[in-house]
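Student: I'll drop the sequence and a predicted model, then ask my questions.
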Amino acid sequence: MSIREGQLHEGTPNRIRATFLAYLGLTKPRVIELLLVTTIPAMLLAHRGMVDPLLIVNTLFGGMLAAAGANTLNCVADADIDKVMKRTARRPLARASVPRSHALVFGLALSVGAFFWLWWTTNLLSAHLAGATIAFYVFVYTLLLKRRTSQNVVWGGAAGCMPVMIGWSAVTGTIAWPALVMFGIIFFWTPPHTWALAMRYKEDYKAAGVPMLPVVATEKQVTRQIVIYTWLTVLATLALAPAAGWLYASVALLAGVWFLAMAHQLYAGVRRGESVKPLRLFLQSNNYLAVVFCALAVDSALALPTIFA
């Protein structure tokens, strides 16, 4: 074997690994974590006590395919602005690690696979909800709202609320009021979570021509909106308490006080003209959502008496 042939042979595993990581990067794995945090608690609440583990696995896998497909198609649509923004400049399409046409086919294949997997392993309602989520995220949020209005994440964030609906419907075959309340929790949580990040990367969004609220409004206006949506988030978590037990209600109340304190602290700092760190609220908002939904999962798995039982 010649030296060149040896180098090519040794380089093959590295190319395969790089290609795999590039396609994996298109799916935004860290974003998919929200699916795990919210879907399982929703399924456990839908049938307080134990849920068939195979149903949970099948629902999670189908949901992961749907989220991966939607995220990949989002990368295809946003390839031009991802190149401009420093935060996204290392994404696969921004670096041309994957041909755009290949990414489009990959995203469509994942999306179609998600629909049929959920139809086969759960029910048609869950499959339709997953399909609607993908379509909404790509066509309504990414292509219609994101570059046209500062309210993009308010309405576009509805796509991130759908895993709880899919989880609930997978267990019951229907949609009931607790699923709608869980939808509301994530719906109201998304703006303060995303705007805190956008405050940190405001110049990135401005350079890309994306009118995120921190780009078109003052910090005082943005943080005031963050406080309002944080209050709505906490109130929504408490509205779910009648369907859950004392453990969830206690954790939702305590975590809510903590989350509100962070939002008000950010707003107060801006009003005083201090140098603030909005990224802290962004990161802690993830912990807040995880704590609330994990408490819901434990409460539901133990089938603790509901607070109005």
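Tutor: Arrived safely. In this text, all values refer to a predicted model and were calculated from it rather than measured experimentally.
Student: which stretches in the stretch 1-150 of the chain count as helices?
Tutor: 3-26, 29-46, 53-77, 79-84, 100-121, 124-135 (DSSP state H, counting those that start in this stretch).
Student: next SSE downstream of the last one?
Tutor: In other words, helix 124-135. Counting by DSSP states H and E, the next helix or strand C-terminal to helix 124-135 is helix 152-156.
Student: and that following helix, what does it pack onto?
Tutor: helix 177-200 (3 or more CB pairs under 8 Å, 6 or more residues apart in numbering; DSSP states H and E). C-beta here means a position set from N, CA and C on the backbone, and glycine is covered the same way.
Student: could you give the angle of the helix it packs on to helix 29-46?
Tutor: Helix 177-200 runs at 160 degrees relative to helix 29-46, counting by axes from the mean of the first three to the mean of the last three CA atoms, to 10 degrees.
Student: how far does the helix or strand just after helix 177-200 sit from its chain's centre?
Tutor: For helix 177-200, the following helix or strand on the C-terminal side (DSSP H and E) is helix 202-208. How far helix 202-208 lies from its chain's middle: 21 Å, per CA atoms, centre = their mean, to the nearest Å.
Student: for residue 290, which residues are in contact?
Tutor: Residue 290 makes contacts with residue 37, as judged by CB atoms under 8 Å, 6 or more residues apart in numbering.
Student: for it, pull up the helix or strand it's in.
Tutor: Going by DSSP H and E, residue 290 is part of helix 278-301.
Student: got the buried residues for that helix?
Tutor: Residues 278, 281-282, 284-285, 288-293, 295-301 are the ones in helix 278-301 that count as buried (16 or more other CB atoms under 10 Å).
Student: phi, psi for residue 176 please.
Tutor: Backbone torsions for residue 176, taken as degrees, to the nearest 10, come to phi -120, psi 170.
Student: so what's it up against?
Tutor: 46, 168.
Student: and the nearest residue to residue 93 once chain neighbours are set aside, how many neighbours?
Tutor: Nearest non-adjacent residue to residue 93, counting by CB to CB, 6 or more residues apart in numbering: residue 79, 4.1 Å away. By other CB atoms under 10 Å, the residues close to residue 79 number 17.
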